[in-house]
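K.L.:
The following comprises the amino acid sequence and a computationally predicted model.
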Amino acid sequence: MPAIGEPDSVPDMLELVSHAHVLEVLDALTRGPMTRADLGTHAHAGRRGLAAALRLLGARGLVTRNDHGSWDTDAPADTVYRHTVIGRVVVEALSCYSLWTAMYNRAETDRDHSWNR
């Protein structure tokens, strides 16, 4: 993922936050490391939705876990998830109003261009 402020960072962030439960998981982990059960109480996602969000965040390098198993299978119940360094940077960036404004403007521009085709 490009650094915040680089040309491709806004579309990448826009794509990231468009996935279900991603923001909720990132936000929940600001409280500290959590198991999937703990995350489920904060993210209000079903098992599948939570697993999909965690896999996506893991693939993007924003979340890590304390075991070395595959992200393609369900982790043991006692597995603990936490932000990576870049995950904390992304959470900090997502707390900036200017990023949300840039993402909204980008989405509007993309939608306008798709209607004119």
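P.N.:
Sure thing, it's come through.
K.L.:
average pLDDT for stretch 63-72?
P.N.:
Across stretch 63-72, the average pLDDT comes to 88.
K.L.:
Ends of that stretch, what's the gap?
P.N.:
14 Å (Cα to Cα, to the nearest Å).
K.L.:
cool, stretch 15-24 as well?
P.N.:
Counting by Cα to Cα, the length from the leading to the trailing residue of stretch 15-24 is 15 Å.
K.L.:
again, but for stretch 18-36
P.N.:
OK, stretch 18-36 end separation, Cα to Cα: 21 Å.
K.L.:
List the contacts of it.
P.N.:
Stretch 18-36 is touched from outside by 16-17, 38-39, 42-45, 47, 49-54, 56-57, 62-63, 66, 75, 77-83, 87, 90-91, 94, with contacts defined as Cβ atoms under 8 Å, 6 or more residues apart in numbering. For the C-beta atoms, the positions are set from N, CA and C on the backbone; glycine is no exception.
K.L.:
For the chain, which segments count as strands?
P.N.:
34-35, 63-65, 80-83 (DSSP state E).
K.L.:
could those strands be laid out in TSV, adding mean neighbour count and distance to Tyr104?
P.N.:
TSV is the format used below for those (neighbours: other Cβ atoms under 10 Å; distance: least, Cβ to Cβ, whole Å):
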stretch	mean neighbour count	distance to Tyr104
strand 34-35	18	30
strand 63-65	19	25
strand 80-83	18	25
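K.L.:
Could you give the separation of the lengthiest helix in the chain from the chain centroid?
P.N.:
Longest helix in the chain, counting residues (DSSP state H): helix 97-115. How far helix 97-115 lies from its chain's middle: 19 Å, per Cα atoms, centre = their mean, to the nearest Å.
K.L.:
What residues sit buried inside that helix?
P.N.:
Neighbour counts over helix 97-115 (16 or more other Cβ atoms under 10 Å) mark Leu99, Ala102, Met103 as buried.
K.L.:
Going by distance to Asp12, which of those residues wins?
P.N.:
Here the nearest of those to Asp12, counting by Cβ to Cβ, is Met103; it sits at 10.0 Å.
K.L.:
my read: that closest one touches Met13, true?
P.N.:
Yes. Between Met103 and Met13 there is a contact at 6.0 Å, judged by Cβ atoms under 8 Å.
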